[in-house]
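Peer 1: Here's a sequence, model it:
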Amino acid sequence: MVEISLLGTGGMLPLPERFLSSVCVRINGKLILIDCGEGTQISLKKLGWGIKKLDIILITHFHADHISGLAGIILSLINSERADPIYIIGPNGLENIFNNLCVIVPELPFKIFFIEQDFSNKNILEINNIFISTLKLDHSCDCFAYSICLKRIGKFNLEKAKKIKLPCKFWSELQHGKQIEFNNKIFSPKDVLDDERTGIKITYCTDTRPIDQIVNFSEESDLFICEGTYGENNKIEKAVKNKHMTFSEAANLAKQSNCKELWLTHFSPSMPEPEKFLINAKKIFNNSKLGTDGLTKKICFN
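Peer 2: Numbering: from 1, shown residues only. Sure, this is the predicted structure:
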């Protein structure tokens with residue numbers, strides 16, 4: 001099971017009831033944070049998932065509305081008495097940006113592993129059996145979309161296990177992904193498992209114009225979280241100029257990529273009532289929802 005919560009849905013400037021961009025994903029008790037705009041600490045506290053289990057922070061780009069809360073998050077981790085290392089992933093220059101933002105942070109009691117991504121569009125990271133993919137977007141600075149995939153192994157096949165004549169005491173280890181050596185032979189999980197089953201995929205895409213690559217990148221996502229900076233269709237010229245999207249453009253991407261559900265986020269501060277324009281997305285992709293701070297969803301394996 002995977003749980004997702006929008007911590008902040010604002011773009012550019014926070015509003016009294018709308019913090020800046022951030023999403024939290026919980027997988028097997030571990031947390032992944034995508035972006036950390038102003039207000040992220042407060043939203044994370046309200047969510048109640050804790051912060052000590054935060055293992056990975058993904059940064060889309062270095063604009064203030066997506067990263068200004070980073071120092072506060074690190075301070076919260078220190079105060080939680082965390083000792084385990086964390087990963088922070090983002091575009092090139094990430095560590096330098098971190099050092100400048102977090103100059104107010106005291107000496108860290110845990111290790112930070114910085115992973116600076118280039119823009120080959122082929123990057124797939126595996127951390128604790130979680131697969132994280134990146135895609136270069138079309139924004140005014142280097143910017144990534146992220147896809148988080150949780151794969152699911154095939155079912156245990158008793159007939160296959162019996163056929164290889166491996167003692168049953170080893171079956172559990174194979175089921176948990178280990179290789180076994182027995183009688184000078186190597187046995188792997190595929191020897192006792194059926195084909196891999198459908199997993200869970202979440203895609204987060206913000207601060208970009210719609211580009212063709214997003215369709216393939218977000219294909220078959222269980223949840224597609226996409227920016228909708230402008231709700232009105234007549235704001236297209238402004239969207240093009242500022243390299244953002246309208247609700248309709250986000251909905252078109254969701255439809256083309258055959259996603260199961262779309263959450264719109266990253267709303268312009270000039271749009272205090274985005275619900276007025278949700279119909280523009282639903283006309284194109286009916287399962288479109290308006291992101292709100294605190295919106296939470298559970299996704300289970302089929």
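
Peer 1: Show me the helices in this structure, by range?
Peer 2: 40-47, 64-67, 70-79, 94-101, 158-163, 171-175, 212-217, 236-242, 247-256, 278-282 (DSSP state H).

Peer 1: Nearest to residue 26, out of those helices?
Peer 2: helix 40-47 (9.2 Å; C-beta to C-beta). Every C-beta, even on glycine, is put in place using the N, C-alpha and C of the backbone.

Peer 1: That closest one - contacts with which helices or strands?
Peer 2: Judged by 3 or more C-beta pairs under 8 Å, 6 or more residues apart in numbering; DSSP states H and E, helix 40-47 is in contact with strand 2-8, strand 22-27, helix 70-79.

Peer 1: Same list, those, but as CSV with distance to residue 156 please.
Peer 2: Formatted as CSV, these follow (distance: least, C-beta to C-beta, whole Å):
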stretch, distance to residue 156
strand 2-8, 23
strand 22-27, 22
helix 70-79, 38
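
Peer 1: between those, which one is nearest to residue 96?
Peer 2: It is, among the helices and strands packed on helix 40-47 and with distance given as C-beta to C-beta, helix 70-79, at 12.9 Å.

Peer 1: what's the closest residue to residue 13 other than its chain neighbours in contact with, if anything?
Peer 2: Of all residues not flanking residue 13 in the chain, residue 269 sits nearest, at 4.4 Å (C-beta to C-beta, 6 or more residues apart in numbering). Neighbour list for residue 269: 10-15 [criterion: C-beta atoms under 8 Å, 6 or more residues apart in numbering].

Peer 1: Pull out the buried members of those residues.
Peer 2: Taking 16 or more other C-beta atoms under 10 Å as the criterion, what is buried in the contacts of residue 269 is 10-12, 14.

Peer 1: quick one on the thing from earlier: mind checking which of the helices and strands packed on helix 40-47 is nearest residue 262?
Peer 2: Going by C-beta to C-beta, the one of these nearest residue 262 is strand 2-8, 12.7 Å.

Peer 1: Bridging across strands, which residues link to the closest residue to residue 3 other than its chain neighbours?
Peer 2: With C-beta to C-beta, 6+ apart as the criterion, residue 3 has its nearest non-adjacent residue at 4.3 Å, and that residue is residue 26. Judged by DSSP bridges, the bridge partners of residue 26 are residue 3, residue 31.

Peer 1: How many residues are close by the nearest residue to residue 49 once chain neighbours are set aside?
Peer 2: Nearest non-adjacent residue to residue 49, counting by C-beta to C-beta, 6+ apart: residue 26, 5.8 Å away. Residue neighbour count, defined by other C-beta atoms under 10 Å, stands at 20 for residue 26.

Peer 1: same thing with residue 34?
Peer 2: Count around residue 34 with other C-beta under 10 Å applied: 26.

Peer 1: now it: how far from residue 23?
Peer 2: When distance is defined by C-beta to C-beta, to the nearest Å, residue 34 is 4 Å away from residue 23.

Peer 1: Mutual contacts of the two, please.
Peer 2: What both residue 34 and residue 23 touch, as defined by C-beta under 8 Å, 6+ apart, is the set residue 204.

Peer 1: Next, work out how far apart the residue nearest to residue 13 and residue 83 are.
Peer 2: With C-beta to C-beta as the criterion, residue 269 and residue 83 are 39 Å apart.

Peer 1: hmm, back to that, any idea which of the helices of the chain gets closest to residue 134?
Peer 2: Nearest of these (C-beta to C-beta): helix 212-217, 9.0 Å.

Peer 1: buried residues in the closest one?
Peer 2: Under 16+ other C-beta under 10 Å, the buried positions of helix 212-217 are 214-215, 217.

Peer 1: Where does the prediction get shaky in this structure?
Peer 2: 119-123, 153-154, 194, 197 (pLDDT under 70).
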